[in-house]
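K.L.:
sequence plus predicted model, see below.
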Amino acid sequence: MQRISHQITTGRMISAGYAALVLVIAFYVIPNAASHVHYLATRYLGTNTRLASSLLVAPGKISLEDRLRLARERSELEGRYLKQPVDGGDAITPDKVSGWPDVNGEEVTPVEIDTEPDWMIMNQGTQVELSVGDKAQPEYAHVLAIVPSGNKWLALLQKKDLGPTSFGAPKEKRTLRIWVLPEKPAQLIPEKSMGPRNPQSPARESPSDKDAVPKKSEVRDKKQK
């Protein structure tokens, strides 16, 4: 029994040593080797998108060395911001990211988010609905970036999208809701048709609208025909 126990202990030590050697190679040797394998974008990502695991996908059928290299590179991408747009399926390299978003002097309105957002759907390029206090009419704006603020997050909204009444009193709570998911700029809904600003839009008609409900006389005429 003692001999078996000694063999098991020796086997564990060898396994632990091998694992340690693999980690040393992964973090010190492999990163210095040249490689064209990088994480790919899961969808179109605009400038100032904050990168997270849900937005990064590893290429298929890659070697163990490349997988170890990507594990190291991932730490250089997550939590950072793109300096340029990237199409879905394109490579994201560390030189394409920075530690803080650059809004190019654009005026922003910061709105607090209580919890960390789902970065796939709430990120740069998202169009949001902003409600302030008990106001019945919400406002709509583009998200330029989302940044950490202590234990919370701030969504930096494009100020020119918002009217003067959207700021409210300092104590009034602001609520954000996702209106349109991030898309390529050419595919974004034009500003004039954003949100329920166009009452003629059939997509926003309410069943309670008198004009949307047919009159009894109209139904009777259709039956007679």
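P.N.:
Good, I have the coordinates. Computed from a prediction, not measured in an experiment: that's the story for all the values here.

K.L.:
could you break the protein into its assigned domains?
P.N.:
2-98, 108-202 (automatic domain parsing).

K.L.:
quick check: mean pLDDT of the shortest one?
P.N.:
It refers to domain 108-202. Mean per-residue pLDDT for domain 108-202: 81.

K.L.:
kindly report the same for the longest one.
P.N.:
In this model, domain 2-98 has an average pLDDT of 81.

K.L.:
in three-state terms, label Lys160 for me.
P.N.:
helix (DSSP: H, G, I helix; E, B strand; the rest coil).

K.L.:
who are the contact partners of the residue lying closest to it once chain neighbours are set aside?
P.N.:
What sits nearest to Lys160 in space, not counting adjacent residues and going by CB to CB, 6 or more residues apart in numbering, is Glu107, at 6.8 Å. Quick note: C-beta positions are derived from backbone N, CA and C, even for glycine. Counting by CB atoms under 8 Å, 6 or more residues apart in numbering, Glu107 touches Gln158, Lys159, Lys160.

K.L.:
could you pull up phi and psi at Thr109?
P.N.:
Backbone torsions for Thr109, taken as degrees, to the nearest 10, come to phi -120, psi 110.

K.L.:
how close does it sit to Arg174?
P.N.:
Distance of Thr109 to Arg174, given as CB to CB, to the nearest Å: 9 Å.

K.L.:
quick check: PyMOL command selecting the buried ones in the contacts of Glu107.
P.N.:
Entered in PyMOL, the line below selects the buried ones among those, by 16 or more other CB atoms under 10 Å:
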select buried, resi 158
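
K.L.:
distance to Gly133 for the contacts of Glu107 - can I get that in a markdown table?
P.N.:
Shown next, in a markdown table, are these (distance: CB to CB, whole Å):
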| residue | distance to Gly133 |
| --- | --- |
| Gln158 | 21 |
| Lys159 | 19 |
| Lys160 | 22 |
